[in-house]
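In: No letters, just coordinates:
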């Protein structure tokens with residue numbers, strides 16, 4: 001009977017440890033997801049800025065041609 005309690009206690013400790021590791025893994029995955037989303041947003045923002053810069057550059061070229 002005592003061995004059964006020891007085995008049960010050991011099993012409970014293992015389950016608690018695995019649950020803890022699972023929670024840590026969830027936090028890591030959430031953190032990586034946030035980094036990926038932030039990186040995607042940053043890329044999108046840079047693409048928008050690049051398009052605006054290209055439009056301005058084109059307008060400046062047209063202005064220079066017109067003035068010349």
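Out: Good, I have the coordinates. All values reported here derive from a predicted model rather than from experimental measurement.

In: separation between residue 14 and residue 27?
Out: Here the criterion is C-beta to C-beta, to the nearest Å. By it, residue 14 lies 21 Å from residue 27. C-betas here are computed from N, CA, C, even on glycine.

In: name the helices or strands packed onto the strand or helix carrying residue 66?
Out: Here residue 66, judged by DSSP states H and E, is contained in helix 2-67. Using 3 or more C-beta pairs under 8 Å, 6 or more residues apart in numbering; DSSP states H and E as the contact criterion, no secondary-structure element is in contact with helix 2-67.

In: average pLDDT for that helix?
Out: When pLDDT is averaged along helix 2-67, the result is 94.

In: since we're on residue 1, how many residues are nearby?
Out: 4 (other C-beta atoms under 10 Å).

In: ok, now how distant is it from residue 39?
Out: If you measure residue 1 against residue 39 using C-beta to C-beta, the figure is 57 Å.

In: ditto for residue 47
Out: Here the distance between residue 47 and residue 39 works out to 13 Å (C-beta to C-beta).

In: try residue 5
Out: Taken as C-beta to C-beta, the spacing of residue 5 relative to residue 39 amounts to 51 Å.

In: Please apply the same query to residue 28.
Out: Relative to residue 39, residue 28 is positioned 16 Å away (C-beta to C-beta).

In: same deal with residue 9?
Out: Between residue 9 and residue 39 the distance is 45 Å, computed by C-beta to C-beta.

In: again, but for residue 65
Out: Look at residue 65 and residue 39: by C-beta to C-beta, they are 39 Å apart.

In: Could you do residue 6 as well?
Out: From residue 6 over to residue 39 the distance is 49 Å, taken as C-beta to C-beta.

In: and what of residue 25?
Out: Relative to residue 39, and taking C-beta to C-beta, residue 25 is found at 21 Å.

In: Run a quick neighbour tally on residue 66.
Out: Here the number of neighbours of residue 66 (other C-beta under 10 Å) works out to 7.

In: What of residue 7?
Out: Other residues near residue 7 come to 10 when the count uses other C-beta under 10 Å.

In: how far is the helix holding residue 66 from where the chain is centred?
Out: Averaging C-alpha positions (C-alpha atoms, centre = their mean, to the nearest Å) puts helix 2-67 0 Å from its chain's average.
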